[in-house]
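**Student:** only the shape, not the letters, is given here:
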């Protein structure tokens, strides 16, 4: 088992860390190694961020900061999905890049979730208010309070005022999902 792991690490170093790895003579490949190579290639094919990083500079060790060109984030979903106040950056959220999702959609009412930066919802808001006034921002703003750093979220059936970065999984009552970036 340890030998297999060593061989796998050697192969990874050969393919992706050529400049930093000591030169290792190529080994004859067995069927198992070929299968493993195919599996690695499948992983690169399924995850465009890994694939694009390896193609751009195959010899360099890359630090993924979460900043990707828009073309690379097309069709990707936040995981996990974050909500946050107006100071939290918007975009594709990941464990390493904690951005608040700006493509939220409600699975209950099938409305896109709107956000209002530096506002929070008045305590008098109720289901019928959002049901009757969504998505007209002018009508919705009637029941908001100005609050620096807050962000008001709402769909046609649910609403929240958020100040700090929050994982959507902590808000069990909300049926919001990332609608892809």
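**Tutor:** Okay, I see it. Owing to the predicted nature of the structure, the values given are computational and were not obtained by experimental measurement. Numbering: from 1, shown residues only.
**Student:** quick one: contacts for the closest residue to residue 167 other than its chain neighbours?
**Tutor:** Distance criterion Cβ to Cβ, 6 or more residues apart in numbering; nearest residue to residue 167, sequence neighbours excluded, is residue 80 at 5.3 Å. (Glycine included, C-beta is placed from N, CA and C.) Residues near residue 80 by Cβ atoms under 8 Å, 6 or more residues apart in numbering: 93, 95, 167-169.
**Student:** for residue 80, give its distance to residue 164.
**Tutor:** 15 Å (Cβ to Cβ, to the nearest Å).
**Student:** and what of residue 136?
**Tutor:** Counting by Cβ to Cβ, the gap from residue 136 to residue 164 is 28 Å.
**Student:** repeat that for residue 111.
**Tutor:** 25 Å.
**Student:** the two: which is more packed in?
**Tutor:** residue 111 (18 against 11; other Cβ atoms under 10 Å).
**Student:** against residue 83, how distant is that one?
**Tutor:** 16 Å.
**Student:** equivalent analysis for residue 149, please.
**Tutor:** 13 Å.
**Student:** residues in contact with residue 119?
**Tutor:** 141, 144-147, 150-152, 161 are the contacts of residue 119 under Cβ under 8 Å, 6+ apart.
**Student:** just checking, what packs against the longest strand anywhere in the chain?
**Tutor:** The single longest strand within the chain, with elements called by DSSP state E, is strand 144-154. Applying 3 or more Cβ pairs under 8 Å, 6 or more residues apart in numbering; DSSP states H and E, one finds that strand 144-154 contacts strand 114-121, strand 159-162.
**Student:** got the angle for the longest one vs strand 144-154?
**Tutor:** Orientation note: strand 114-121 sits at an angle of 140 degrees relative to strand 144-154 (axes from the mean of the first three to the mean of the last three Cα atoms, to 10 degrees).
**Student:** ok, residue 128 to residue 86 distance?
**Tutor:** In terms of Cβ to Cβ, residue 128 sits 27 Å off from residue 86.
**Student:** neighbour count for these two, which is higher?
**Tutor:** The neighbour comparison of residue 128 against residue 86 (other Cβ under 10 Å) goes to residue 86, with 19 against 8.
**Student:** give the contact list for that one.
**Tutor:** 117-118, 148-151.
**Student:** pLDDT and distance to residue 10 added to those, as a markdown table?
**Tutor:** Output for the contacts of residue 86, formatted as a markdown table (pLDDT from 0 to 100; distance: Cβ to Cβ, whole Å):
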| residue | pLDDT | distance to residue 10 |
| --- | --- | --- |
| 117 | 96 | 51 |
| 118 | 97 | 54 |
| 148 | 97 | 55 |
| 149 | 96 | 51 |
| 150 | 97 | 53 |
| 151 | 97 | 49 |
